[in-house]
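Give the three-dimensional model of this entry:
(chains A and B, ligands or ions: 2)
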Amino acid sequence: MTRLSGWGRFPVAACKTRRARSEADVAAALDTPLIARGNGRAYGDAALNPDPTLDMRGTDRMISFEAGTGVLVAEAGVLLADVIAAFLPRGWFPMVTPGTKFVTLGGAIAADVHGKNHHRDGSFRRCLDWIEVMGPEGEVTRTRPGDDLFDWTCGGMGLTGVILRAQLRLAPVATGWIEQEVRAAPTLDAAMDEMEMTLDRPYSVAWLDCLASGRDLGRSLIMLGRHADLSDLPAGKRAAPFATPDKTTRRLPFDLPPALLNSATLGTLNAAYYARGRRKTCKHLVDWDSYFYPLDTILDWNRGYGKRGFVQFQCVLPMETAREGMRALLKRISASGQGSFLSVLKRMGPAEGRFSFPMEGYTLALDFPATDRALDLMKRLDDIMTAFGGRQYLAKDARMEKRVLDASDPRAKAFAEMRAQQGLTGRFTSLQSERLGL
Amino acid sequence: MSGAEKGAVLILGAASDIARATARAYAAHGHPIQLAARNVDRLSADKADLETRSAVTVTLHELDALDTASHKGFVDGLPELPHIAVSAIGVLGDQGDNASDPDKATAIFRANFEGPASLFLVLANAMEARGSGTLIGISSVAGDRGRASNYIYGSAKAGFTAYLSGLRNRLAKKGVHVVTVLPGFVATAMTEGMDLNPRLTAQPEEVAQAILNAGEKRRDVVYVRGIWRLIMAVIRSIPEGIFKKTSI
Ligand SMILES: Cc1cc2nc3c(=O)[nH]c(=O)nc-3n(C[C@H](O)[C@H](O)[C@H](O)COP(=O)(O)OP(=O)(O)OC[C@H]3O[C@@H](n4cnc5c(N)ncnc54)[C@H](O)[C@@H]3O)c2cc1C
Ligand SMILES: NC(=O)c1ccc[n+]([C@@H]2O[C@H](COP(=O)([O-])OP(=O)(O)OC[C@H]3O[C@@H](n4cnc5c(N)ncnc54)[C@H](OP(=O)(O)O)[C@@H]3O)[C@@H](O)[C@H]2O)c1
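Residues are numbered from 1 along each chain as shown, chains lettered A, B, ... in the order given. Ligands and ions are numbered 1, 2, ... in the order given. Below is the predicted model of the structure:
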């Protein structure tokens, strides 16, 4: 037994992990109920099961790559970081990437992750040609977009079986650089107006100052971006367009005392960030790593919240209620004085699939330390989110109650019924699926 | 070596987690890779992986370390005499079983010492004749002092460590370099399920990096996670009279 947790280090559970290195290892593990685990970047308990949690990082072989089309076949444990390392120098980049490159393909599929281009390019499912899934009896099915199994597995949080392999399409890029444009928005309305006006931009996301209140409520920095062309690079960089500075990764060596992250520190941090962004509203080139994965340069940054861990709250609200709903959420947070270190607002494109998180509207993601006070605040946010017709992202969830899921996401019932019908209930099971009655 | 013509790297015991990470690291640097293992066909996905990630040539070679009579033929059958050979061959077994069953004990002795030593014997002679090459043997800190908890495995590793030291001495002036790699704990199939202190436990990729650095910088003896050098120095320094009463 080891003490295992998600990225938020809350909750922590005693779990027996078992590493799969091959398809046969996965089949051999099926005699007891299990959940597959990728690289543990989901925040909560989605990839936790007491006995066993099946660690898929050992199945991380790339099987083939077509240089002409950018089509990659790989095992589920391959990290996006590996994909980038292998293929960016050859001119290819993931079509969809979350805010960390340390996720596995299996995890990206199971959560059907979204990136800064969701409003234009959709979620991870869009880059998939097929996936292979092992069911409860060890049978392997290759399933494609349009199939039931495919549809339930993308966003199914590991509860439809173990994803073994996938064929995905990478996107051609001319350089390893992003042309970034930062715009400051003084209010929530301004931020949302700005995002509506820039829907044609490939990448867009807003960094939100959660502690701002009153007139300043929702003030944000909007980060727009697109892959730079060769001609965008200064002459000196054109000879080696994929050579970007190697990030020296730092590690937080021990748990920071929580006092360092109190609201006073956050206030100054947010204000400083905002001021910085306002000064350079012009366009500039940023290397892919700094642009997509600013947090990855500090390995183990999740220790920054101290031993008790932290929880993320991410919900999406539909277009019709997004403005009013976001305002209500932000007001509640700002009134509580429990600002979030990271608050991200993003415009999402249309919903796809039967159990994937995204829907057309706005998503807000916030971090909180796992204190009683913050957990209590999140219950209030649950109610607001539900009242405005929103739903929560299971990849971030560590604490939602079943009643909240049922009230906010009617698809959960259909998902649970499908699981029962297909004989998946009790075979693929996580602490999250138990908590939420999936 | 530089540019396109990097020398081939032979990985002995290629199915091991450490071996897989090592093969990847060498392939990433552009070396052609020779993977040798028992039932080597099961490594076809690993071959594909290396070729896909790094666009290098990878060949598969059947090898049983215990079949010492086959070793000369094995080396002769390689597409080219490798520039670097790494042995990740080893078997830990269960100390309780090993200490009570002579057959089991002998199997451990042979897999950790006799087999790898015999392979290195053949490779060393060929490299000596050529006048260049690097042999990298993965031994273990367990060979630094025999302890009640693992002296069957440990003594075989001690034998391998001494062998590597002798080989290094013999070949030092012949252009052939020998590296002894001494990992402490590594999170691999060998240690799966054991309750290991994470601070003392390296990942296979760390061992791979240490192997690459050691080969490149012509190090003689490297501990993986430097702390182990210290720990073993302390363990070695305890007088036998006291040591025999401890349970470390
Ligand atoms: C810093 C940071 C930023 C992030 N930003 C974003 C973002 O912008 N957008 C976004 O969508 N997400 C984001 N995430 C969340 C993250 O992308 C997802 O949680 C993703 O699922 C993590 O992948 P993983 O390999 O670590 O999987 P894990 O966390 O190990 O598992 C996540 C889920 O996938 C399932 N799973 C994993 N592998 C398999 C498999 N082989 N077969 C079946 N099921 C499997 C697990 O059962 C579990 O339900 C972020 C996370 C972090 C830490
Ligand atoms: N893990 C640790 O904590 C640790 C610590 C110190 C040193 N080491 C050493 O590191 C090396 C690699 O071990 P690992 O941790 O990666 O464990 P591993 O996965 O068990 O690797 C050992 C490898 O040796 C191979 N092998 C055993 N007998 C063989 C034989 N007769 N012929 C051919 N191959 C044979 C095995 O092949 P099969 O797949 O065919 O069985 C296996 O791939 C070993 O020498 C080990 O002793 C490990």
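
Surely B:T59 is in a helix?
No - residue state for B:T59 (DSSP: H, G, I helix; E, B strand; the rest coil) corresponds to strand; a helix is not indicated.

Residues of the stretch 151-300 of chain A that sit close to ligand 1?
Counting by Cβ under 6 Å from any ligand atom, the stretch 151-300 of chain A comes close to ligand 1 at A:157-158, A:162-163, A:295. Yep, even glycine has a C-beta here, placed from its N, CA and C like the rest.

Residue 217: neighbour count?
Chain wasn't specified; assuming chain A. 20 (other Cβ atoms under 10 Å in any protein chain shown).

wrong one, I was asking about chain B
9.

likewise B:G226?
Neighbours of B:G226 under the rule other Cβ under 10 Å: 11.

Provide the backbone phi and psi angles at it.
The phi/psi pair for B:G226 (degrees, to the nearest 10) reads phi -50, psi -30.

and if you look at A:L54?
According to degrees, to the nearest 10, A:L54 has phi -90, psi 110.

if I pick it, what's in contact with it?
Taking Cβ atoms under 8 Å, 6 or more residues apart in numbering or on different chains, we find A:L54 in contact with A:17-20, A:26, A:29, A:34-37, A:162.

helices or strands up against the longest helix belonging to chain B?
Looking across chain B with DSSP state H, the single longest helix is helix B:151-171. Judged by 3 or more Cβ pairs under 8 Å, 6 or more residues apart in numbering or on different chains; DSSP states H and E, helix B:151-171 is in contact with helix B:95-100, helix B:102-109, helix B:115-130, strand B:133-138, strand B:176-183.

got the buried residues for stretch B:99-107?
Of all the residues in stretch B:99-107, those buried under the rule 16 or more other Cβ atoms under 10 Å in any protein chain shown are B:99, B:104-105, B:107.

got it, and stretch B:203-215?
Result for stretch B:203-215 [16+ other Cβ under 10 Å]: buried residues B:204, B:206-212, B:214-215.

Count the residues that sit near A:R323.
17.

For it, give me its contacts.
By Cβ under 8 Å, 6+ apart, A:R323 lies in contact with A:188-189, A:192.

Kindly reformat those residues as JSON lines containing pLDDT and neighbour count.
Shown next, in JSON lines, are these (pLDDT from 0 to 100; neighbours: other Cβ atoms under 10 Å in any protein chain shown):
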{"residue": "A:L188", "pLDDT": "95", "neighbour count": "24"}
{"residue": "A:D189", "pLDDT": "95", "neighbour count": "14"}
{"residue": "A:M192", "pLDDT": "97", "neighbour count": "22"}
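
Excluding covalently adjacent residues, which one is nearest to the residue positioned nearest the centre of chain B?
A centroid search over chain B (Cα atoms, centre = their mean) returns B:I138, at 2.5 Å, as the residue closest to the centre. Excluding the flanking residues, the one nearest B:I138 by Cβ to Cβ, 6 or more residues apart in numbering or on different chains is B:V181, at 4.8 Å.

What is the neighbour count of that neighbour?
So B:V181, with other Cβ under 10 Å, has 26 neighbours.

any idea how far ligand 2 is from it?
8 Å (Cβ to the nearest ligand atom, to the nearest Å).

now, the most widely separated pair of the residues of the stretch 151-300 of chain A next to ligand 1?
Maximum pairwise distance among these (Cβ to Cβ): 28.3 Å, between A:V162 and A:L295.

Between the two, tell me which one has more neighbours.
Per other Cβ under 10 Å, whichever of A:V162 and A:L295 has more neighbours is A:V162, with 29 against 12.

Identify the bridge partners of the more buried one.
A:M134 (DSSP bridges).

and it, what does it touch?
Here A:V162 is in contact with A:20, A:26, A:34, A:36, A:54, A:56, A:76, A:106, A:133-134, A:428 (Cβ under 8 Å, 6+ apart).

which ones among those residues are found in strands?
A:36, A:54, A:133-134 (DSSP state E).

Going by distance to A:L72, which of the residues you listed wins?
For the ones in strands among the contacts of A:V162, the nearest to A:L72 is A:V133 (18.0 Å; Cβ to Cβ).

Tell me how many other residues crowd that closest one.
Applying other Cβ under 10 Å, I find that A:V133 has 24 neighbouring residues.

Looking at the closest residue to it other than its chain neighbours now. What's its pLDDT?
Spatially, and ignoring its direct neighbours in sequence, A:V133 is nearest to A:G161 (4.3 Å; Cβ to Cβ, 6+ apart). Looking at A:G161, its pLDDT stands at 98.

and A:G161, what does it touch?
If you count contacts by Cβ under 8 Å, 6+ apart, then A:G161 has A:133-136, A:149, A:153, A:424, A:428 around it.

That one and A:L394, how far apart?
Note on A:G161: its distance to A:L394, by Cβ to Cβ, to the nearest Å, is 17 Å.

Now residue 149: which helix or strand?
Looking at chain A here, since you left the chain open. Element membership for A:L149 (DSSP states H and E) is helix A:148-153.

which outside residues touch stretch A:134-141?
With Cβ under 8 Å, 6+ apart, stretch A:134-141 has contacts from A:23, A:26-27, A:30, A:132-133, A:149, A:161-162, A:164, A:422-424, A:427-428.

what about A:G91, how many residues close to it?
Neighbourhood size, A:G91 [other Cβ under 10 Å]: 17.

Looking at it now. What's its pLDDT?
The model's pLDDT for A:G91 equals 97.

Touching, it and A:F242? I think so.
Yes - using Cβ atoms under 8 Å as the test, A:G91 is close enough to A:F242 to be in contact (7.4 Å).

if I pick residue 38, what's in contact with it?
Using chain A. A:47, A:56-57, A:76-77, A:103-108, A:110.

switch to chain B, that's the one I care about
For B:R38, the contact set (Cβ under 8 Å, 6+ apart) comprises B:15, B:62-64.

and of these, the nearest to ligand 2?
Checking the contacts of B:R38 against ligand 2 by Cβ to the nearest ligand atom gives B:A15 as the nearest, at 3.9 Å.

and that closest one, what are its phi and psi?
phi -80, psi -10.

likewise A:D229?
Dihedral angles (degrees, to the nearest 10) for A:D229: phi -90, psi 170.

That one and B:R42, how far apart?
Remark: distance between A:D229 and B:R42 (Cβ to Cβ) = 45 Å.

from the chain's centre, how far out does stretch A:93-102 sit?
Stretch A:93-102 has its C-alpha centroid displaced from the chain centroid by 9 Å (Cα atoms, centre = their mean, to the nearest Å).

Report whether that stretch contacts chain B.
No - legend: contact between stretch A:93-102 and chain B by Cβ under 8 Å from any Cβ of the partner chain is lacking; minimum distance shown is 13.2 Å.

How far does that stretch stretch from one end to the other?
15 Å (Cα to Cα, to the nearest Å).

Could you see whether ligand 1 lies near it?
Yes - counting by Cβ under 6 Å from any ligand atom, contacts between stretch A:93-102 and ligand 1 involve A:98-100.

Export those residues to JSON lines and append columns for secondary structure.
Output for those, formatted as JSON lines (three-state DSSP):
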{"residue": "A:P98", "secondary structure": "coil"}
{"residue": "A:G99", "secondary structure": "coil"}
{"residue": "A:T100", "secondary structure": "coil"}
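
and A:S430, how many neighbours?
Count around A:S430 with other Cβ under 10 Å applied: 27.

Can you tell me the closest non-neighbouring residue to it?
Spatial nearest neighbour of A:S430, excluding adjacent residues (Cβ to Cβ, 6+ apart): A:I35 at 4.0 Å.

Which strand residues bridge the one you found?
A:T53.

That one: neighbour count?
So A:I35, with other Cβ under 10 Å, has 25 neighbours.
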